[in-house]
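S.K.: A structural model of the following input is requested.
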Amino acid sequence: MKRILYLIVCLVIVQTNLYAAFATLEHNLPSPPGGYSSANFAVCGSQAKNFKIYYEYCSGAGCGPTNLCVGNPNYRFEVTLYKNGSSLGTHTFQASGAWTYDYFNGVAVTPGTYQVKVVFKRSNLVCSWVNVSTVYSNSIVVSVVPAAPVLSITGNATPCNTSSTTFTVNGNNTGSGTYTW
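M.R.: The predicted structure follows:
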């Protein structure tokens, strides 16, 4: 009996150590060009965005999930999207291969730092969940779009070759300036 218990413990430890994972967070790009990118971006106020998470939890052949408990798939993910360290939402779903995609669609994005935490879980021999690994994705920093410049014209608004007009630009992202023609 001790040998069987020792063997089970060893298999669980070996099985747990086989999984090295990474997670990549991306956001959808406007069309065109469309697609997804992990680049930082800026918003004016708030913008609805779709986030995609690519997560690989094991490498090599034969590492796909199997069932240990009747009616209870052996592996699952718990994926949480964070903004500045605060949870915006969590998905839990069954793992079905060595890698997966997950999506958070229609997120009202405001300036801040976005990141995903992925917890890979495995059911143990008594059908409860054990955390195998936890990984964090890259961060996407969302900044504020600078305010639109305020333009004013003083002097002759329709100058001839011999007169001058002053255009003043205020509120741009480099300060303000006066330009004379």
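S.K.: which stretches of this structure have low pLDDT?
M.R.: Scanning the chain for pLDDT under 70 picks out 1-21, 57-73, 95-98, 147-181.
S.K.: switch the cut-off to 80
M.R.: Per-residue confidence for the chain (pLDDT under 80) gives these ranges: 1-22, 33, 56-76, 94-100, 122-127, 146-181.
S.K.: so where do the helices sit in it?
M.R.: 2-17 (DSSP state H).
S.K.: what is Ala108 paired to in the beta sheet?
M.R.: Ala48 (DSSP bridges).
S.K.: And for it, the neighbour number?
M.R.: Applying other Cβ atoms under 10 Å, we find 12 residues neighbouring Ala108. Any C-beta I mention is one placed from the backbone N, CA and C, and that applies to glycine too.
S.K.: repeat for Leu125
M.R.: 10.
S.K.: what's the distance between it and Asn74?
M.R.: Distance, Leu125 to Asn74, by Cβ to Cβ, to the nearest Å: 11 Å.
S.K.: What of Lys121?
M.R.: Lys121 is 9 Å from Asn74, by Cβ to Cβ.
S.K.: Equivalent analysis for Thr80, please.
M.R.: 21 Å.
S.K.: what do you get for Ala48?
M.R.: 36 Å.
S.K.: between those two, who's got more neighbours?
M.R.: Neighbour count, other Cβ under 10 Å: between Ala48 and Asn74, Asn74 has more, with 18 against 11.
S.K.: Surely the more buried one is in contact with Ser123?
M.R.: Yes: shown here, Asn74 and Ser123 form a contact pair, counting by Cβ atoms under 8 Å, at 5.3 Å.
S.K.: beta partners of Tyr36?
M.R.: Bridge pairing for Tyr36 - DSSP bridges - gives Asn28.
S.K.: Alright, I will stop here.
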